[in-house]
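Novice: Give me a 3D structure for the following:
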Amino acid sequence: MDELDSEIVRILQANARTSNRELARMLGVAPSTCLERVRALTRRGVIRGYHADIDLKALDRGVQALVALQIRPLSRKVIDAAIAYVSTLPEVIGVFTVAGGDDIVLHVAVRDLDDLHAMLLDRLSKRPEIAGFRTSVIFEHVRNPVLEPLSISDASRK
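Specialist: Numbers count the residues shown, from 1 in each chain. The predicted structure is shown next:
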C-alpha cells in the first residue's frame with residue numbers, strides 16, 4: 001500500500017459513508033483515480049466491507065463480557081465444534097481462538113447480569129467439551145476506529 005491507499009483507508013475507517021467524489025476532493029485526485037483505488041483495495045481484501053457501528057444499549061444489550069473457555073479434549077475437531085456451537089448463540093458478538101491457558105474467548109452482549117449468568121449456566125456449562133470458563137465483565141470499551149499500518153520503526157520502539 002502506498003500513501004494514497006493508506007489515506008483512503010484512514011478516511012473510510014473514520015467515515016465509511018464518504019462519497020467517492022468527497023474522498024477524491026479530500027485526497028486531491030480525480031474521482032476516477034479514487035474509485036479505481038478503492039476497487040483495487042477491495043479486490044485485494046484490504047477493504048472487506050462497510051459496517052454500521054450500533055449502540056449495544058439501544059438493542060437492550062447493556063452488559064458486555066469476555067468469556068474465556070478451556071476446551072477438552074484439546075483437538076482441532078473439538079475446537080471447531082465448540083466454535084461452531086458458540087457462534088450460533090445470540091449473545092455472542094465475537095469469537096476468538098487464542099493461545100495460552102484459554103482456547104477460545106467470547107465477546108458477549110446481554111441485557112443484564114442475570115442473562116449473562118443464565119447463558120453461562122444454561123448453555124456453556126452443559127457442553128461436555130467446555131472444561132471450564134472465566135468471565136470478565138466489561139465496564140468500558142474504547143475502540144480505535146482508525147487503524148494504520150505499523151511501520152518497522154513503530155514496532156521496534158516498543
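Novice: shaky segments in the protein?
Specialist: Applying pLDDT under 70 to the chain flags residues 152-158.
Novice: all helices for it, in order.
Specialist: With DSSP state H as the definition, the chain shows helices at residue ranges 3-14, 20-27, 31-43, 76-86, 113-119, 152-157.
Novice: I figured residue 83 hits residue 95, correct?
Specialist: Yes. Using C-beta atoms under 8 Å, residue 83 makes contact with residue 95 at a distance of 5.8 Å. C-beta: built from backbone N, CA, C; applies to glycine.
Novice: overlap in contacts of the two?
Specialist: Taking C-beta atoms under 8 Å, 6 or more residues apart in numbering as the contact rule, residue 83 and residue 95 both touch residue 104.
Novice: Centroid-nearest residue for this protein?
Specialist: Centroid-nearest residue in the chain: residue 94, 6.3 Å away (criterion: C-alpha atoms, centre = their mean).
Novice: so that residue makes contact with residue 106?
Specialist: Yes. Between residue 94 and residue 106 there is a contact at 7.0 Å, judged by C-beta under 8 Å.
Novice: thinking again about what came up before, which one of the helices of the chain lies closest to residue 61?
Specialist: When those are compared by C-beta to C-beta, helix 113-119 sits nearest residue 61, at 8.9 Å.
Novice: now do the same end-to-end measure for stretch 40-56.
Specialist: 33 Å (C-alpha to C-alpha, to the nearest Å).
Novice: Of all the residues in that stretch, which ones are buried?
Specialist: 41, 47 (16 or more other C-beta atoms under 10 Å).
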